[in-house]
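K.L.:
Please work out how this folds:
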Amino acid sequence: MTENRTPEQKTTRRRKVQAVLAGGLVLGVGAAVTLAAWNDSEFAEGLFGSASFNLEGSTDGSDYDEHDTAAEAAQLTFAADNMTPGQTVYAPFYVRLDADTTINGTVEASDGIGVVSSSGENADHMSYEVYADPDNCNAADASSGTSVASGADLSTGIGSTTTFDLTAGDGAAGTPVLLCFEVSASDDDFVQADTTEVIWEVTATSVDTP
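P.N.:
Numbering: from 1, shown residues only. The predicted model follows:
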């Protein structure tokens, strides 16, 4: 059955159709913009491994160990049981970077070697000097090394005067450095029947590598 519409009804229907078509066109434009938006990404990762650095010491140049605290200090062997005024005694101590160390190091002037504690009356009446890499650690050869630390007495303080280097090995322990400790009793004020104890600290610092 044919529906008879008035001219006003026909005009209203046309407007509705046009509105829907116009809406369809707007939606079509919107869809086209969305489809045109592309993006892509790249990712980069960094891995950072830290080096290993460890100092070890020996009193005989053969058996090395870690002496990390004053309580674990290596016992230097001085011929010092019966010292008299003006006498000088010597003891060797070897230091090196251990086999796991992967970077070089240095023992710096001003804070590399120093007295951390001492006791006994003669601590104020004994002086010391430390030589690096002498031919031997004795009266004849100690001064053939480089003087790297000294102190007018054995009281607490820093005595380093010269920097020296420590070289890491390639999968092995580094080259050892012989430190010769020279201790001298005062000529005038040295006290009889006294036992003096002193602990030195040797501090190595890692060296940055490129």
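K.L.:
Quick one: the helices in this protein, in order.
P.N.:
7-35 (DSSP state H).
K.L.:
Not counting its neighbours along the chain, what's nearest Gly86?
P.N.:
Nearest residue to Gly86 in three dimensions, chain neighbours excluded: Asp187, at 4.6 Å (C-beta to C-beta, 6 or more residues apart in numbering). C-beta coordinates here come from the backbone N, C-alpha and C atoms, glycine included.
K.L.:
To clarify, my last question referred to Ser160.
P.N.:
Nearest one to Ser160, counting by C-beta to C-beta, 6+ apart, is Gly112 at 4.2 Å.
K.L.:
The one you found reaches Thr163, doesn't it?
P.N.:
Yes: under the criterion of C-beta atoms under 8 Å, Gly112 makes contact with Thr163 at 6.9 Å.
K.L.:
For those two, work out which one has more neighbours and name it.
P.N.:
Neighbours of Gly112 and Thr163, each counted by other C-beta atoms under 10 Å, are more numerous for Gly112; the result is 23 against 15.
K.L.:
got the contact list for the nearest residue to Pro92 once chain neighbours are set aside?
P.N.:
Take Pro92 and drop its neighbours on the chain: the residue closest to it by C-beta to C-beta, 6+ apart is Cys137, 4.0 Å away. If you count contacts by C-beta atoms under 8 Å, 6 or more residues apart in numbering, Cys137 has them with 90-92, 131, 178, 180-181.
K.L.:
What about the residues you listed, which one has the most neighbours?
P.N.:
Neighbour-wise, those (other C-beta under 10 Å) top out at Cys180, 25 neighbours.
K.L.:
follow-up on the earlier one: what do Gly112 and Thr163 both touch?
P.N.:
Joint contacts of Gly112 and Thr163 (C-beta under 8 Å, 6+ apart) are 106, 148.
K.L.:
still on that earlier bit, ok, the contacts of Cys137 vs Leu154, which is closest?
P.N.:
Proximity of the contacts of Cys137 to Leu154 (C-beta to C-beta) peaks at Phe181, which lies at 11.0 Å.
K.L.:
hang on, the earlier thing: which phi and psi values does the residue nearest to Gly86 adopt?
P.N.:
phi -70, psi -30 (degrees, to the nearest 10).
K.L.:
any idea of the pLDDT on the closest residue in space to Ala123 that isn't next to it in sequence?
P.N.:
Counting by C-beta to C-beta, 6+ apart, the nearest residue to Ala123 once its immediate chain neighbours are dropped is Leu154, at 4.3 Å. For Leu154, the pLDDT comes out at 94.
K.L.:
swap in Ser110?
P.N.:
For Ser110, the predicted pLDDT is 86.
K.L.:
Just give the nearest non-adjacent residue to it, would you?
P.N.:
Nearest non-adjacent residue to Ser110 (C-beta to C-beta, 6+ apart): Ser160, at 5.5 Å.
K.L.:
where along this structure do the strands fall?
P.N.:
Secondary structure of the chain (DSSP state E): strands at 55-58, 88-97, 105-107, 113-119, 126-132, 146-151, 157-158, 164-166, 177-185, 197-202, 205-206.
K.L.:
Over to Ala74: give its phi and psi.
P.N.:
Residue torsions, per degrees, to the nearest 10, at Ala74 are phi -70, psi 140.
K.L.:
Around it, count how many other residues there are.
P.N.:
19.
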